[in-house]
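>>> I would like the atomic coordinates for the input below:
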Amino acid sequence: HKLDPTNGDVVTGRHLLLGNDDVRLWYAVSDTPSPLYRNATGDECAYVESGRAAVETVFGAFDVGPGDYVVLPAATTHRWVPTGDAPLRTLLIGATGHIGPPRRYLSAKGQFLEHAPYCERDLRGPAAPLIAAGGDTEVLVRHRRGMTRYTYAHHPFDVVGWDGCLYPYAFNIADFEPITGRVHQPPPVHQTFEGPNFVVCSFVPRKVDYHPQAIPVPYNHANVDSDEVLFYTGGSYEARKGSGIEQGSISLHPSGFTHGPQPGAPDRAIGVERFDELRSMGIRTVMI
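Below is the predicted model of the structure:
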């Protein structure tokens, strides 16, 4: 939130915050429509922190708002059009491949299993094709070495119908059903999406550990095979009280660095029954 109050649009005004060979993280505060754009190197997943927008794509358009994850498959031509009075704040993840639900939540046929924390009914896709006319239409294409501007003789939104299982969609974090237990549950229970060598987790308001001797806040630990990036987007994160963490903060815990709750947090957590936190992009980048 200490970035520029507004910096244009979601595509050209995004700030690169963190990245490696597997994944890139951008943040954008926008109030103007973006140019037509597609990422040719991999899928993108955006988290709408605040504001509203229409996401117009070659498959059709759909509306998104606070708490929505928006998954845009690679090479999907689209643009973001802010529609609310407040600026659109988005955190974006760029993959080198495809982003989708964790495989352990899917059957061999690709359907969500009963133990998954969300299901097909929670996903929102384009309702109908979006037809736009015009000539000499520019499209920004992201590739491995930067961006290239293409000019097409006809507007790319000229698809009258489509079929198949590839399309953009939105999923709201409020529809993620948390998995809880008698003792502290490790981060994989919060996993929402996976991509090549990284995962995305959603830490949502939930009932916490209910064993009579449980200490609900996380224990001290060090990640061996992953870096841990947390985006704090709402609520009150019990383990970080007193650390300066606030709405819009980002923390990075590199692989091998021991970290844990702030001093005094374990004692304060004893007897607590519920956490009202929202860390919607707990991203664990697995360094394989």
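>>> which regions of this structure sit below the pLDDT cut-off?
Scanning the chain for pLDDT under 70 picks out 4-6, 235-243, 277-288.
>>> can you tell me the centre-most residue of it?
Taking CA atoms, centre = their mean, the centroid of the chain lies closest to residue 47, which sits 4.1 Å from it.
>>> my guess is that one contacts residue 69, does it?
Yes: with contacts counted by CB atoms under 8 Å, residue 47 reaches residue 69, the gap being 5.6 Å. For glycine as for every other residue, the C-beta is placed from the backbone atoms N, C-alpha and C.
>>> all strands for the stretch 1-150 of the chain, in order.
With DSSP state E, counting those that start in this stretch as the criterion, the stretch 1-150 of the chain has strands at 15-19, 23-30, 36-39, 44-50, 53-57, 60-64, 68-72, 78-82, 88-95, 123-124, 137-143, 146-152.
>>> contacting residues for residue 15?
Going by CB atoms under 8 Å, 6 or more residues apart in numbering, residue 15 touches 3, 7, 26-28.
>>> could you redo the last one with a cut-off of 6 Å?
Contacts for residue 15 were tallied using CB atoms under 6 Å, 6 or more residues apart in numbering; they are 3, 27.
>>> beta partners for it?
On the basis of DSSP bridges, residue 15 is bridged to residue 27.
>>> what about it, distance to residue 91?
10 Å (CB to CB, to the nearest Å).
>>> could you do residue 76 as well?
Residue 76 is 19 Å from residue 91, by CB to CB.
>>> more neighbours: which of those two?
Shown here are residue 76 and residue 91; by other CB atoms under 10 Å, residue 91 has more neighbours (23 against 19).
>>> need the residues that contact stretch 181-196.
In contact with stretch 181-196 (CB under 6 Å, 6+ apart) are residues 95-97, 99, 102, 179, 199-203, 209-211, 214.
>>> for the stretch 151-288 of the chain, which segments count as helices?
Taking DSSP state H, counting those that start in this stretch, the helices of the stretch 151-288 of the chain run over residues 265-269.
>>> what ranges does it have for its strands?
Using DSSP E, counting those that start in this stretch, strands in the stretch 151-288 of the chain cover 169-172, 191-195, 198-203, 206-207, 226-231, 234-235, 250-253, 274-275, 277-286.
>>> so for residue 52, which of these sits nearest?
Of all these, strand 169-172 sits nearest to residue 52, with 11.7 Å by CB to CB.
>>> neighbouring strands - and their directions - for the closest one?
Applying DSSP bridges, one finds strand 169-172 paired with strand 68-72 (antiparallel), strand 123-124 (antiparallel).
>>> using PDB, list the CA coordinates for that strand.
Output in PDB follows, covering the C-alpha atoms of strand 169-172 (Å, rounded to 0.1, in the frame of the first residue of the first chain):
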ATOM      1  CA  TYR A 169     -12.500 -18.300 -14.300                       C
ATOM      2  CA  ALA A 170     -12.900 -16.600 -11.000                       C
ATOM      3  CA  PHE A 171     -13.000 -18.200  -7.500                       C
ATOM      4  CA  ASN A 172     -13.800 -16.200  -4.400                       C
END
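>>> tell me how far it lies from the chain's centre.
Distance of strand 169-172 from its chain centroid, counting by CA atoms, centre = their mean, to the nearest Å, is 10 Å.
>>> residue 55: what's it in contact with?
Taking CB under 6 Å, 6+ apart, one finds 62, 64 in contact with residue 55.
>>> what about it, distance to residue 38?
Plainly put, residue 55 is 13 Å away from residue 38 if you go by CB to CB.
>>> repeat for residue 119
28 Å.
>>> so the residue nearest to the centre of the chain makes contact with residue 91?
Yes: contact criterion CB atoms under 6 Å: residue 47 and residue 91 qualify, at 4.7 Å.
>>> show me which positions of stretch 14-32 end up buried.
By 16 or more other CB atoms under 10 Å, the buried positions in stretch 14-32 come out as 14, 17, 22-32.
>>> report how many residues lie close to the residue nearest to residue 89 when sequence neighbours are not counted.
Nearest residue to residue 89 in three dimensions, chain neighbours excluded: residue 49, at 4.1 Å (CB to CB, 6 or more residues apart in numbering). Residue 49 has 23 neighbouring residues, counting by other CB under 10 Å.
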